[in-house]
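Colleague: Coordinates for the following, if possible.
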Amino acid sequence: MLKNNNSYQFNIDKFYKNYLKGPRIFNNRDALESSYIPDDLPHRDSQIKSIAEKTACALLGDTPPSFLCYGMTGTGKTATIRYVSQKLAQQNSEIKPWWIYINCNIVSTPYRILAHIYNTISRKEKIPPTGLPKDIIFKRLLGLLDSKIGNSICFLVLDEIDILVGKKGGNEILYDLTRLNENLDNCKSSIIGISNKLKFRENLDPRILSSLGEEHIVFPSYDASELRDILIKRAKIAYQENILKEEVIPLCAALAAKNHGDARKALQLLRKAGELAERGQNIIVTAKHVEKAQEELENDHIKEYIKGMPLQAQLILASIYLISRFSPEHIIISGDIYDVHSEIRGLIPGIRELTKRRISDYINELSLAGIISAEVKSMGHYGRTKIIKLDVAMELIGNVILEINKFQGIMNYKPAFLQADKVKLKNNIFKKLI
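Modeller: Predicted coordinates for the structure are as follows:
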């Protein structure tokens, strides 16, 4: 039993018994996961055709070209690649291509990329997480490709490939991978890069661009009508019949269309709405469940975004939060944030002072993310300044900041200019002399 401060006892055994007796909403909820590959991918015929044309020669043992796929988050890039790879594997051909997927957001160093490829192919002998020289791993990998894959094709899919560019050794490992075929005797390889950044090619090393960036496929964002078609097909697999109210799918599609046509967001909404109905022991999923799901997913997204921000950006947000908390009516200008940041950074070891320009950059980033608003106002002969407001619930911001270990000691700090008995002179805070 779990007991909270209100002396309420949660009976977990009773909860599970009631859950099993409750209405069945889902038939296969995994069909609403972005990783689920259906038998049909609506509105991606052009991209499927293009990828199929580029990869078909692998069935004859010939080397397919390397290429890049671009598109916003949730436009079906990875799903389409996986869909084509499954179809390619189903063909009656003596040559069965290998597909190795690498999420560069997780496997992001040259050593780990090479080790991941090697370990995925070998399955028995493993490259250790650290410790070997990169050239030794590379040599071992070449031998393994020739011996294990032989005369077949190895497709290396680098998801979020843009993360590697600019990282130490990133361009080097991309160059090495695009030149694999020059060092192989039997196996042939093809690199498929996936990126959310449409201008990614502009940042590629010219040597890599000549091998990887000459061919590319663009994935446009879905509109509300296309998202509706996707959800209708998935809902037939995921839900029991007559569970969804008529307005549920159009609402999920419309909300996701506002978010750059993100199919992943649409699927998350549809699944979350069903789970909320299930928890409430409801037999029908309604628009109210979708609206509640939207609210919860937005909060989860904001939490993840803030937790993933650089420490200095988190500290800027904490500065805005503290001013808003202790003086809700105060009109926050960029100068206030600079002052408060200077104060609270001194309470945290190892945090360096930022210039006003850098703080302004972080404010712009927070504004673009929709966490704050930063409206530029003219102050007459005093010049121009930014009026800052939180665009997210204070309670949510406070809870997330509180989870950041280094910030535990600043959450109750009241900025000096809001303290009646304090004055700030030349970056030092003193008690007022009364």
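Colleague: so how many other residues sit close to residue 53?
Modeller: The number of residues packed near residue 53 is 10, by other CB atoms under 10 Å. In short, each C-beta sits where N, CA and C put it, glycine included.
Colleague: Report whether it is found in a helix, as I expect.
Modeller: Yes - counting by DSSP: H, G, I helix; E, B strand; the rest coil, residue 53 is located in a helix.
Colleague: need the contact list for it.
Modeller: Counting by CB atoms under 8 Å, 6 or more residues apart in numbering, residue 53 touches no other residue.
Colleague: what comes into contact with stretch 195-211?
Modeller: Here stretch 195-211 has contacts from 66, 68-73, 160-162, 165-166, 171, 174-175, 178-179, 191, 212-213, 216, 218, using CB under 8 Å, 6+ apart.
Colleague: just the buried members of the residues you listed?
Modeller: Neighbour-count burial (16 or more other CB atoms under 10 Å) applied to the contacts of stretch 195-211 gives 66, 68-72, 160-162, 165, 171, 174, 178, 191, 212-213, 216.
Colleague: and these, which of them are in helices?
Modeller: 171, 174, 178, 212 (DSSP state H).
Colleague: Quick check: chain neighbours aside, which residue is closest to the second one?
Modeller: Read that as residue 174. Spatial nearest neighbour of residue 174, chain neighbours left out: residue 208 (4.9 Å); criterion: CB to CB, 6 or more residues apart in numbering.
Colleague: give me the number of residues near the one you found?
Modeller: As a burial measure, residue 208 scores 25 neighbours (other CB under 10 Å).
Colleague: And the pLDDT for it?
Modeller: We have a pLDDT of 80 for residue 208.
Colleague: shift numbering so it begins at 585
Modeller: Will do, 585 is the new start, and the previous item becomes residue 792.
Colleague: how far away is it from residue 775?
Modeller: Going from residue 792 to residue 775 by CB to CB, to the nearest Å gives 9 Å.
Colleague: which neighbours do the two share?
Modeller: By CB under 8 Å, 6+ apart, the residues touching both residue 792 and residue 775 are residue 762.
Colleague: re earlier: gap between the residue nearest to residue 758 and residue 862?
Modeller: Counting by CB to CB - residue 792 and residue 862 are separated by 48 Å.
Colleague: again with residue 908
Modeller: Residue 908 is 37 Å from residue 862, by CB to CB.
Colleague: Give me the helices and strands touching the helix or strand that contains residue 983, please.
Modeller: Residue 983 belongs to helix 978-986 when assigned by DSSP states H and E. With contacts defined as 3 or more CB pairs under 8 Å, 6 or more residues apart in numbering; DSSP states H and E, helix 978-986 has these neighbours: helix 871-891, helix 895-910.
Colleague: Tell me which of those helices sits most buried.
Modeller: Of all these, helix 895-910 carries the top mean neighbour count, a mean of 22, counting by mean count of other CB atoms under 10 Å.
Colleague: Now for the residue nearest the centre of the chain: which residues touch it?
Modeller: Geometric centre of the chain, nearest residue: residue 657, 8.1 Å, by CA atoms, centre = their mean. Applying CB under 8 Å, 6+ apart to residue 657 gives the contacts 780, 844, 846, 848.
Colleague: does residue 857 count as helix, strand or coil?
Modeller: Three-state assignment for residue 857 (three-state DSSP): helix.
Colleague: My read is that it contacts residue 836, right?
Modeller: Yes - in this structure, residue 857 is within contact of residue 836 by CB atoms under 8 Å, at 7.1 Å.
Colleague: Now the common contact residues for these two.
Modeller: The overlap between the contact sets of residue 857 and residue 836 (CB under 8 Å, 6+ apart) consists of residue 874.
Colleague: low-confidence ranges in this structure?
Modeller: Along the chain, the model assigns pLDDT under 70 to residues 585-591, 750, 797, 963-967, 1004-1018.
Colleague: mind listing the strands for it?
Modeller: Secondary structure of the chain (DSSP state E): strands located at 586-587, 593-594, 651-655, 682-687, 737-743, 772-779, 800-803, 916-917, 956-962, 968-974, 1006-1009, 1012-1015.
Colleague: Outline the domain layout of this protein.
Modeller: The chain breaks down into these domains under automatic domain parsing: 586-618+806-890, 629-803, 892-1015.
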